[in-house]
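**Q** Need a 3D model of the following:
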Amino acid sequence: MKIIIGKNLLAKINRLFDFSKFSKIAVLTDVNIQISLMSQISQIRKSLKRELTIITIPPGESQKNIETVKNIWEKMFETGLDRKSLLINLGGGVVCDIGGFAAATFMRGMDFLNIPTTLLSQVDAGIGGKTGVDFLEIKNGIGVFKNPIGTIIDVETLKTLPKRELVSAFGEIIKHGVISGREYFDFVTSKKPEEFSQDELIKIIKQSIKIKSDIVKRDPKEKNLRKILNFGHTIGHAIESLSLKTDKPLLHGEAVAIGMTIESNLLCHPVLTSEVSTRMAGTIKNGIENAGLPTKIDRFELEDIMKVISSDKKNFKGKLLFSLPERIGKVIPNIEISQEVIKNLLQAQMYS
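**A** As a prediction, this is how the structure comes out:
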């Protein structure tokens, strides 16, 4: 899969891929992005010199469901797309995830190209070949593995990104630092997200993509190694799903930050044997706090959280499996943690 990173790429998109082989081209985006990136959409149309079908969906994680996919499929049929067509996903993680799933299942599969426009999607959802929708309160409960023909990352799209969205991305970026080692971890936690220059952000995007891509290449279907990318996501996905029912939903990176803070303490629990020290968990927490990300659950009932955790797709035969850091630079997959330990840790964290 071809990944291209740089500045002002959308104005010359016709040089980056061979678009002549596609019968039709459609662009999937959300309403907010269509407005904020109207000039970029015009650049794509001008560069390709051909008619584009624009498909829009409402913004937000709450729209990442099968009903939205049905609306996308209907539009694809109405405008005459076929298996030789191309869907360009222009947007954040929701657009990339749902667009990839719609394309992968339309007429048993058509090609798609990701153009992630948020920092979070540029280092996470826009790459890796995971597509899907949320179902029955389970994040990405329905989906398929399907790689795009490529990913174009144009950092110019970040200029319209709200500060909260920029900070949220560092939930995943710091996770990559925990996975890869102290050098990258120390760099991405060395200052506030908004203090990094555009060139430094390009460096961060490239390194995070390399970390994730190297893992995905070795384990594309998440049989074992790729599971380490799920650090912070079991608890993170649970509270993110619950937050979608409230008037103050968490962003994905915010939920992952809370999940990492809590999960990094699991191996420090007295009933478990590990070389992990509270110092390591404290270092992770400090890095997350310094980025301006949340570290505590300040709402939700314990039983509701446990119910969602028990339905997590990473579990196996009723066992709750986590990917946890032994140290910064080494995350271990498939560690079974009992419900009792999780409950005790959550309760202590929620009421401390």
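**Q** end-to-end on stretch 45-53?
**A** Using C-alpha to C-alpha, to the nearest Å, one end of stretch 45-53 lies 10 Å from the other.
**Q** For the stretch 201-350 of the chain, which segments count as strands?
**A** In the stretch 201-350 of the chain, the segments counted as strands under DSSP state E, counting those that start in this stretch are 321-327, 330-336.
**Q** got any ranges where the stretch 251-352 of the chain has weak pLDDT?
**A** 268-277, 351-352 (pLDDT under 70).
**Q** for the chain, what spans make up the helices?
**A** 31-36, 38-48, 66-78, 93-105, 119-123, 163-180, 182-188, 198-218, 233-243, 252-263, 278-290, 302-310, 339-350 (DSSP state H).
**Q** what's the distance between the longest one and the middle of its chain?
**A** Yep, that's helix 198-218 we're talking about. On the basis of C-alpha atoms, centre = their mean, to the nearest Å, helix 198-218 is displaced by 13 Å from the centre of the chain it belongs to.
**Q** now for that helix, which elements pack on it?
**A** In terms of contacts (3 or more C-beta pairs under 8 Å, 6 or more residues apart in numbering; DSSP states H and E), helix 198-218 is packed against strand 2-6, helix 119-123, helix 163-180, helix 182-188. Quick note: C-beta positions are derived from backbone N, CA and C, even for glycine.
**Q** Give me the contacts around the first one.
**A** Translated: strand 2-6. Residues from elsewhere that reach strand 2-6 (C-beta atoms under 8 Å, 6 or more residues apart in numbering): 16-17, 127, 149-155, 202, 205-206, 209, 213.
**Q** and if you look at the last one?
**A** Contacts to helix 182-188, defined as C-beta under 8 Å, 6+ apart, come from residues 170, 173, 174, 176, 177, 178, 204, 207, 211, 287, 328, 329.
**Q** For the nearest residue to the second one once chain neighbours are set aside, the count of nearby residues, please.
**A** Think residue 173. Closest residue to residue 173 apart from its sequence neighbours, by C-beta to C-beta, 6 or more residues apart in numbering: residue 188 at 5.1 Å. By other C-beta atoms under 10 Å, 23 other residues sit near residue 188.
**Q** From residue 181, how far off is residue 188?
**A** Distance, residue 188 to residue 181, by C-beta to C-beta, to the nearest Å: 12 Å.
**Q** Residue 192 too?
**A** Residue 192 is 22 Å from residue 181, by C-beta to C-beta.
**Q** quick one: contacts for the closest residue to residue 125 other than its chain neighbours?
**A** Excluding the flanking residues, the one nearest residue 125 by C-beta to C-beta, 6+ apart is residue 93, at 3.5 Å. By C-beta under 8 Å, 6+ apart, the contact list for residue 93 reads 116, 118, 120, 121, 124, 125, 126, 252.
**Q** any chance of those in a markdown table, plus neighbour count and distance to residue 244?
**A** A markdown table is the format used below for those (neighbours: other C-beta atoms under 10 Å; distance: C-beta to C-beta, whole Å):
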| residue | neighbour count | distance to residue 244 |
| --- | --- | --- |
| 116 | 26 | 21 |
| 118 | 29 | 18 |
| 120 | 25 | 16 |
| 121 | 28 | 18 |
| 124 | 29 | 18 |
| 125 | 26 | 17 |
| 126 | 28 | 21 |
| 252 | 26 | 11 |
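**Q** Pipe these into TSV and attach distance to residue 292 per row.
**A** Output for the contacts of residue 93, formatted as TSV (distance: C-beta to C-beta, whole Å):
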residue	distance to residue 292
116	22
118	16
120	14
121	19
124	18
125	21
126	23
252	16
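**Q** Let me know the closest of those residues to residue 12.
**A** residue 116 (17.9 Å; C-beta to C-beta).
**Q** residue contacts, the residue nearest to that closest one when sequence neighbours are not counted?
**A** Leaving aside its sequence neighbours, residue 116 sits nearest to residue 126 (C-beta to C-beta, 6+ apart; 3.2 Å). Counting by C-beta under 8 Å, 6+ apart, residue 126 touches 93, 96, 114, 115, 116, 151, 153.
**Q** That concludes my questions; thank you for your assistance.
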